[in-house]
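[1] Only the shape, not the letters, is given here:
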């Protein structure tokens, strides 16, 4: 007779064990619900860049989730990456809703990134409260592929967590992708997003002349659901085509790995061995 | 009549032909000012329909067409382009107005009040009444001068019951509603009046001229049946309820609204139509009624959706303290979209109906101009490149006809966020006409490490005040990118946008 596993009564377990088991149960329930949704709607979709997809725990963005794009001030490029993600979501069908409370959205830029303006609906709420309501309505709609919004939050008055929770539930019920642009000051605060990305642009120092045509951004995964955070990727956006790719880190240096003997030039192999 | 004929008539009537003005612009006479305009048949048709509806105060059966016995009735007759007659069935209605003569006088007077001059004929048959109106009450080929005869109206012609044969004997052949070709043929044969026509053998008339002549004669005498085809009454979709005891609770009023909306939805579904505009009126004892109006992107006959939209409006209104009456009406309707459902179900993300419901909710809560679609147009000035089209009130979610302009720009040539109006900056540049090296808007200062430009943008001279700017895309030391411009008229710098 094989001994069966003895079930430890809950009162005998430590607080950490109880919290761990509860977290596991919650995670399992949420995973099963989202997995069934994905089975109905299809696979995940790309962020527009393979390198960024590799950074994400699922290899892409999932429908019915919120993604936060943090940045330090305007002109950072976070909105561009978010708009590219909206474009990817809309390619599989559905509208792109842009929340534009301050009437600053400029459609020619979105068109330049490949967004079909026939699929774009711009919503201009009168105040922040109306905007949150409209955001919730748009995320709940099953005919919306993605919602792009730049939340203008003063440092002392960020969007309340209960509203973000409502937005997350709305996105789950409607199956839309919520792309929230927020200030970097909210980093570390509780959030309900599937992934939180910090976007930091950087200029190549010492090159003050015109010439290079790629915009460079550093993307850090500061928070994610069900995956390891802290990963970083450096991207560059081609200014002409809008293609996002991982920035090459070699910059012309010799690769340290040896090539196969039949392919490598003997002189190059001897040089790399000495390096 | 053709425009050239009308013009020649006007020129004949001018006091000084030598001083005649340019074509189609006659000089005003002391008595009247002539207005020359192209004939609009559609406007005539709509107006005649309106007048027919207005004439229902005199008779329940009003139309502009007649049908013979055994002729199938048209489902929804429309007024023909040249229709200028209205037929009213006034059998046994004279007693409601005194008598038939009084009824005819009242019709004349009422039309005069609307600004129309009418000729009225009353008889036992439609044919005889038509002949009386055209050839006894007023001649069809005369032009009345309003100034000479006061209001230009002629007294109604009334033919006593059973006297239509005698009354029409001396009238010309046109009074029988014969076609012009038949009339000309008879006139060539020397037959000018109805009296002469009735003296001819009936068999020869039918053999030589067809059935039309005998048919019209029988219709005028009353021996062949002819009926008025009533114009279609406009469909009304409305429901109302007056309360014995005024309602003060919002929940009770919403339940009443729900019932009324279900009634209206059923009426709409019966005719396969959907509401595009819905009005709701709340009557209270304390003050003037409250009107609520909602617009819809697509026609709908779903009561729940209409109630949801009404609720959004009610939340922002101050309602009467006690509501005594509630009425709901579909003010504008359109045929419902008929779509065949797919066997394996439609992808929910591509359902236009779901999108239309979203647009309805957003538009009715935030305002019609708050839910828009961008439409690009050709304009050099960046602030005017985009035109915003509201999506509400029945507009198609796909703008028909005029396609959005495709701009020939690189992917990152334009910023995702535009400052409108542009923000003034303090800029330090190497040269007066050179690129910026440092800029500040009062809240932040940025050093420019890279720039692209200048891109000169000038607006066309026919636009009025010309816009001339040199645009630069700049990258700061932190990698942030902005779109600046220098106004060439005074050299001042502005922030136009941020590459978010």
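    Structure received. Owing to the predicted nature of the structure, the values given are computational and were not obtained by experimental measurement.

[2] Look through chain B and tell me its longest helix.
    helix B:250-270 (DSSP state H).

[3] Going by neighbour count, which residues in that one are buried?
    B:253, B:256-257, B:260-265, B:267-268 (16 or more other Cβ atoms under 10 Å in any protein chain shown). From N, CA and C alone the C-beta is placed, and that goes for glycine too.

[4] ok, so of the residues you listed, who is nearest residue B:310?
    Set against residue B:310, the nearest of the buried residues of helix B:250-270 by Cβ to Cβ is residue B:257 (6.3 Å).

[5] thinking that closest one is in contact with residue B:310, fair?
    Yes: here residue B:257 lies in contact with residue B:310, judged by Cβ atoms under 8 Å, at a distance of 6.3 Å.

[6] any shared contact partners between the two?
    Shared contacts of residue B:257 and residue B:310 (Cβ atoms under 8 Å, 6 or more residues apart in numbering or on different chains): residue B:280.

[7] What does the pLDDT read for residue 29?
    Going with chain A. Note on residue A:29: pLDDT of 69.

[8] not quite, I wanted chain B
    49.

[9] One more: residue A:36?
    Looking at residue A:36, its pLDDT stands at 49.

[10] Same check on the one 3 residues further on?
    In this model, residue A:39 is scored at 44, pLDDT.

[11] ok so, going back, so can I have a markdown table of the buried residues of helix B:250-270 showing distance to chain A and pLDDT?
    Listed next are those as a markdown table, based on distance: Cβ to the nearest Cβ, whole Å; pLDDT from 0 to 100:
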| residue | distance to chain A | pLDDT |
| --- | --- | --- |
| B:253 | 23 | 86 |
| B:256 | 26 | 92 |
| B:257 | 21 | 91 |
| B:260 | 25 | 94 |
| B:261 | 21 | 94 |
| B:262 | 24 | 94 |
| B:263 | 28 | 93 |
| B:264 | 25 | 94 |
| B:265 | 22 | 93 |
| B:267 | 28 | 92 |
| B:268 | 23 | 91 |
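
[12] Leaving aside the residues adjacent along the chain, what's closest to whatever residue of the stretch 51-200 of chain A ends up closest to chain B?
    In the stretch 51-200 of chain A, the residue that lies nearest chain B is residue A:79 (3.1 Å; Cβ to the nearest Cβ). In space, and not counting its chain neighbours, residue A:79 is closest to residue B:500: 3.1 Å by Cβ to Cβ, 6 or more residues apart in numbering or on different chains.

[13] quick revisit: burial measure for the residue of the stretch 51-200 of chain A closest to chain B, as a count.
    26 (other Cβ atoms under 10 Å in any protein chain shown).

[14] would you list every one of the helices in the stretch 1-150 of chain A?
    A:15-41, A:50-55, A:78-90, A:107-112, A:128-140 (DSSP state H, counting those that start in this stretch).

[15] Let me know which of the ones you listed is tucked in deepest.
    helix A:78-90 (a mean of 26; mean count of other Cβ atoms under 10 Å in any protein chain shown).

[16] Show me what that one is packed against.
    strand A:66-71, strand A:95-99, strand A:144-150, strand A:177-183, strand A:195-201, strand A:214-224, strand A:232-238 (3 or more Cβ pairs under 8 Å, 6 or more residues apart in numbering or on different chains; DSSP states H and E).

[17] wait, what's in contact with residue B:62?
    The contact partners of residue B:62, by Cβ under 8 Å, 6+ apart, come to B:52-53, B:55-56, B:86-89, B:228, B:230-231.

[18] can you rerun that using 7 Å?
    Residue B:62 sits next to B:52, B:55-56, B:86, B:88, B:230-231 when contact means Cβ atoms under 7 Å, 6 or more residues apart in numbering or on different chains.

[19] of these, closest to chain A?
    Nearest member of the contacts of residue B:62 to chain A, counting by Cβ to the nearest Cβ, is residue B:231, at 41.5 Å.

[20] Can you verify my assumption that residue B:219 contacts residue B:125?
    Yes: using Cβ atoms under 7 Å, residue B:219 is in contact with residue B:125, at 6.4 Å.

[21] Quickly list what's touching both of those two.
    residue B:226.

[22] pLDDT-wise, which helix or strand of chain A ranks last?
    Ranking every helix and strand in chain A by mean pLDDT, DSSP states H and E puts helix A:266-274 at the bottom, with a mean of 49.

[23] The longest helix of chain B: what's the following helix or strand?
    Using DSSP states H and E, the helix or strand that follows helix B:250-270 towards the C-terminus is strand B:273-284.

[24] how about the helix or strand just after that following strand against chain A, any contact?
    Toward the C-terminus, strand B:273-284 is succeeded by strand B:290-300 as the next helix or strand (DSSP H and E). No: Strand B:290-300 stays clear of chain A (Cβ under 7 Å from any Cβ of the partner chain), getting no nearer than 10.8 Å.

[25] Can you name the residues in contact with strand B:290-300?
    Strand B:290-300 is contacted from outside by B:273-282, B:306, B:309-310, B:313-314, B:317, B:319-320, B:333-337, B:353, B:356, B:359-360, B:363-364, B:368, B:391-394, using Cβ under 7 Å, 6+ apart.

[26] Also stretch B:202-218?
    Contact with stretch B:202-218 is made by B:127, B:176-179, B:182, B:185, B:198, B:224, as judged by Cβ under 7 Å, 6+ apart.

[27] Distance across it, terminal residue to terminal residue?
    11 Å (Cα to Cα, to the nearest Å).

[28] list the buried ones in that stretch?
    Neighbour counts over stretch B:202-218 (16+ other Cβ under 10 Å) mark B:205, B:209, B:212-218 as buried.

[29] repeat for stretch B:112-130
    Neighbour counts over stretch B:112-130 (16+ other Cβ under 10 Å) mark B:118-130 as buried.

[30] do stretch B:379-387 as well
    Within stretch B:379-387, the residues scored as buried using 16+ other Cβ under 10 Å are B:379, B:382, B:385-386.

[31] Just give me the least confident of these.
    residue B:379 (85).

[32] Please name the residues that touch that residue.
    residue B:385.

[33] Perfect, I'm done here.
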